[in-house]
Every structure is written in C-alpha cells, then in structure tokens.
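Participant: Sequence and predicted structure below; questions after.
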Amino acid sequence: MNNLGKATITTLEIAEMMEVEHKRLLRKLDGDKDRKGYVQILTEAQMGLSDFFIPSTYRDSSGKENKCYEVTKLGCDFLANKFTGEKGVLFTARYVKRFHEMENQLQQIPLTERPDRVAQLINAVSPLMKRNDSTPYDIVRNAQLICEQYGIRMIENFAKVPVYQQLTLVDCK
C-alpha cells in the first residue's frame, strides 16, 4: 500500500505474478524509442495516470535506487486486459486474490490508532448538532456511528432512547 492511501502493489510484484522480467513490464509502461508506453498514452489523453500507475522507486540488494510503479486495482485491471492467454488468466487470478487479501487486512486493523482524534471529532460535531436542535439521543447516536466508522466498538445499548424522548407532546389548544 502506498503513502497516498490507495491500495497498490508494485510493478515488481506484478512482474513476479506475470512471470516476466521487471524491465520488460517497465518497457510496456514507459515505452521505448520506437513506441509510446501506456504511461505516456494515458498522460497525453489526460486520463489521470495516478488512478492507474504511480511512479515510485525501490532499492535493490546492492542499495541502488531503481524505478518502479505502484499500481492500483484499476491499473491491474488495465494490465490484465493487455495480457492474454494463460499468463493473463493467472495474473488476473493472482492480483484479484492479492487485493482481496489487502482489503481483508484493512478490515482487521482498527482504522485509527488515535482515539483522541475521534474524540475531537465528536466534540466538534456535537455542539453543532445541539445548536441545530438535535435531540440528545441523536447526538449520542452520531457519536456511536463516528466511533464505529473508526473501528471503535461501543456497547450495544450505548445509544438507548430514553423514555421521555419516546413521548410526544400533544397540542392542547
């Protein structure tokens, strides 16, 4: 996963999945003197290169920095459509499985390691809700939903509607 928050895999991993040399995969992406690569074609067409491929680097065993790309799921879909036959089928199966594994890992890791930031968010939103005449129950329920969104589980009856709020006023005119 790259630092932009998008789930990605590197072209190194893709080359391994495709059972091709990394430099061969980079030639398809970057092109050469005789033909344009996918990166140049997408860039010229203003197709949002970072939706597919994000330039990056890696260090090899000797410590030398080399070019690679972080590839999004959309980029993998793109590459899978360019490869046919058995290698294309196997690559598709491998990258789909890899992204599925990454999604499962994200679901198992709490979304925040900073519960104080979640508390700050709740403290910022609650007064706004109160000023807009939200009921105390709605404010508490919203706090519960914010916590759940960040992977913080609350007790089951945390946001219980009090009896007095269940009653409705009748116009006595």
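Facilitator: Structure received.

Participant: Just name the shakiest helix or strand of this structure by mean pLDDT.
Facilitator: helix 163-166 (a mean of 59; mean pLDDT, DSSP states H and E).

Participant: can you give me the strands in this structure?
Facilitator: 8-10, 31-32, 35-36, 53-59, 65-72 (DSSP state E).

Participant: can you redo those strands as CSV with mean pLDDT?
Facilitator: Compiled in CSV, those are given as follows (pLDDT from 0 to 100):
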stretch, mean pLDDT
strand 8-10, 90
strand 31-32, 90
strand 35-36, 92
strand 53-59, 93
strand 65-72, 94
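
Participant: So for residue 16, which of those sits nearest?
Facilitator: Proximity to residue 16 (Cβ to Cβ) singles out strand 8-10 among the strands of the chain, at 9.5 Å. The C-beta positions use only the backbone N, C-alpha and C, and glycine is treated the same way.

Participant: and the closest one, how far out from the chain's middle?
Facilitator: How far strand 8-10 lies from its chain's middle: 12 Å, per Cα atoms, centre = their mean, to the nearest Å.

Participant: Stretch 34-49 too?
Facilitator: Centre-to-centre, stretch 34-49 and its host chain are 24 Å apart (Cα atoms, centre = their mean).

Participant: Over to stretch 149-156?
Facilitator: Using Cα atoms, centre = their mean, the offset of stretch 149-156 from its chain centre is 20 Å.

Participant: can you check stretch 9-23 too?
Facilitator: 21 Å.

Participant: Give me the angle between the longest helix seen in the chain and strand 65-72.
Facilitator: Counting residues, the longest helix found in the chain (DSSP state H) is helix 85-108. With axes from the mean of the first three to the mean of the last three Cα atoms, to 10 degrees defining the directions, helix 85-108 sits at 80 degrees from strand 65-72.

Participant: which other helices and strands contact helix 85-108?
Facilitator: Applying 3 or more Cβ pairs under 8 Å, 6 or more residues apart in numbering; DSSP states H and E, one finds that helix 85-108 contacts strand 8-10, helix 11-18, helix 73-82.

Participant: quick one: low-confidence ranges for this structure?
Facilitator: Along the chain, the model assigns pLDDT under 70 to residues 1-6, 105-113, 156-173.

Participant: which parts of stretch 136-154 are buried?
Facilitator: Of the residues in stretch 136-154, 138-144, 146-147 count as buried by neighbour count, 16 or more other Cβ atoms under 10 Å.

Participant: nope, stretch 10-27 is what I was after
Facilitator: Residues of stretch 10-27 classed as buried: 10-15, 17-18, 22, 25-26 (neighbour count, 16+ other Cβ under 10 Å).
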